[in-house]
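Enquirer: Got a predicted structure here, sequence first:
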Amino acid sequence: MGEKKKKIIKTIKIDVNKCNGCRSCEMICSAFHATPKYSSNSPERSRIRVMFDPMRDLYFPVYAGEYTAAECMGRDRYIIDGKEYDECGLCRAACPSRTLFHEPDSCLPLKCDMCEDDPAQEKPLCVQWCINDALIYEEREEQVDEQETLEDVKIGLESMIDKYGWEKVMDTVARVSASKKG
Ligand code: SF4
Ligand code: SF4
């Protein structure tokens, strides 16, 4: 058994009924992650994207989740309140079958990092900038196995190196670390 340690689980709940598609969340997220910070903004670099369903006049924000090396072999469909949604429309993965959640210049996958910053942000910036309260931030504490956490990082790094090569990954790590310091 590995050692247990406390971990803060950060969650953002999404109330799609309150989202009006203003895209402030996309703007602030991409500006925060620009190099240098706040020097530019571009929705394509945002870790949150607001999808629009014109048939149902509905906006739904989707957060960038895990990187996946291969697309799904099948497709599911969700029925919510009697309306049918394509799995890809709600999916959070940086997946090779679409450009969503890939950095446009390097093609490296993007993932929401909850605005990691030093000093830490009081709340994630997309939550702070959502004037309609469609994004609700919550924290809870959990005991996790430290060994498993490190193993997760190792698996993620190996997948990225497989796909993009060591040099590209290290170049991105250097750029991200420079932007955190700046
Ligand atoms: S800032 Fe809020 S209301 Fe505006 S698009 Fe994002 S989630 Fe929707
Ligand atoms: S929590 Fe931060 S990193 Fe994640 S989508 Fe919102 S602004 Fe971007």
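Expert: That came in fine, so what should we check first? Numbers count the residues shown, from 1 in each chain. Ligands and ions are numbered 1, 2, ... in the order given.
Enquirer: how close does residue 21 sit to residue 135?
Expert: Separation of residue 21 from residue 135 (CB to CB, to the nearest Å): 13 Å. C-beta: built from backbone N, CA, C; applies to glycine.
Enquirer: again, but for residue 63
Expert: 9 Å.
Enquirer: Next: residue 122.
Expert: In this view, residue 122 and residue 135 are 14 Å apart by CB to CB.
Enquirer: who in this structure is up against ligand 2?
Expert: 28-29, 32, 47-48, 63, 112-115, 124-126 (CB under 6 Å from any ligand atom).
Enquirer: let's see it at 8 Å
Expert: Neighbours of ligand 2 within the chain, by CB under 8 Å from any ligand atom: 12, 25, 28-29, 32-33, 46-48, 63-64, 112-116, 121, 124-127, 129, 135.
Enquirer: in the sheet, who's paired with residue 63?
Expert: residue 48 (DSSP bridges).
Enquirer: So, low pLDDT: which residues of the protein?
Expert: Within the chain, the ranges that satisfy pLDDT under 70 run 1-2, 148-149, 152, 155, 159, 163, 179-182.
Enquirer: Tell me where it has helices.
Expert: For the chain, applying DSSP state H gives helices covering 24-32, 87-90, 125-129, 146-164, 166-181.
Enquirer: Would you pull up how far the second one lies from the middle of the chain?
Expert: Read it as helix 87-90. 15 Å (CA atoms, centre = their mean, to the nearest Å).
Enquirer: ok, now stretch 63-77?
Expert: Stretch 63-77 has its C-alpha centroid displaced from the chain centroid by 14 Å (CA atoms, centre = their mean).
Enquirer: now what about it, what contacts it?
Expert: 12, 47-49, 84-88, 91-97, 101, 109-112, 156, 159-160, 162-163 (CB atoms under 8 Å, 6 or more residues apart in numbering).
Enquirer: which bits of this protein sit near ligand 1?
Expert: 14, 18-26, 48, 50, 59, 61, 126, 129-135.
Enquirer: out of the residues you listed, which are buried?
Expert: 14, 19, 23, 25-26, 48, 50, 59, 61, 126, 129-130, 134-135 (16 or more other CB atoms under 10 Å).
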